[in-house]
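Enquirer: show me how the following folds:
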Amino acid sequence: MITRERAASVDNFVRQFAAERMTDGVEKIASDMIGGILHWVMRNAEMAGEDGRKPALGVARVGLSSFISDLHRIEGNPKPPECYTLITVRTEEGLWVSETGYEELVQ
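Expert: Residues are numbered from 1 along each chain as shown. Below is the predicted model:
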């Protein structure tokens, strides 16, 4: 699916999300929605008895990898290029790392 089609596939959801929160600005709407999705993934994993941070990091990494791969897709090639993605987050409480090909690390 090309970038235009992928954007169109979430258009209604994003507009509904923005209308419910009275949020202005494309970047603010998108960041609030992405944050909400990551919280949703984390909560579902926690309800299953897991550490919800790992799946949330994995979702963020895979989503970013998919976005970058789609941007660099060569027209006519059905398979997107591989994208190596590393997410590192440092907080006062520890380190979160999600890297392509490795299990997520939360210390």
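
Enquirer: how about the helices of the chain, start to end?
Expert: 3-21, 26-47, 53-71 (DSSP state H).

Enquirer: ranking these by burial, who's on top?
Expert: Of all the helices of the chain, helix 53-71 carries the top mean neighbour count, a mean of 17, counting by mean count of other Cβ atoms under 10 Å. Using the backbone N, CA and C atoms, a C-beta is placed for each residue, glycine as well.

Enquirer: run the chain-centre distance for it.
Expert: 5 Å (Cα atoms, centre = their mean, to the nearest Å).

Enquirer: leaving out sequence neighbours, find the closest residue to Trp96.
Expert: Closest residue to Trp96 apart from its sequence neighbours, by Cβ to Cβ, 6 or more residues apart in numbering: Val89 at 4.3 Å.

Enquirer: where in this structure is pLDDT low?
Expert: 1-2, 23, 74-78, 80-81, 103-104, 107 (pLDDT under 70).

Enquirer: in the chain, which residue is most central in space?
Expert: For the chain, Ala60 is the residue whose C-alpha lies nearest the centre (Cα atoms, centre = their mean; 3.2 Å).

Enquirer: from Gly35, how far out is that residue?
Expert: Distance check for Ala60 against Gly35: by Cβ to Cβ, to the nearest Å, it reads 10 Å.

Enquirer: residues in contact with the nearest residue to Thr85 once chain neighbours are set aside?
Expert: Nearest residue to Thr85 in three dimensions, chain neighbours excluded: Ser65, at 4.4 Å (Cβ to Cβ, 6+ apart). Ser65 sits next to 83-85, 100 when contact means Cβ atoms under 8 Å, 6 or more residues apart in numbering.

Enquirer: in strands only, show me the residues you listed.
Expert: When the contacts of Ser65 are checked against strands (DSSP state E), there are no matches.

Enquirer: report the buried members of those residues.
Expert: By neighbour count, with 16 or more other Cβ atoms under 10 Å, the contacts of Ser65 hold 83, 85 as buried.

Enquirer: all set now, cheers.
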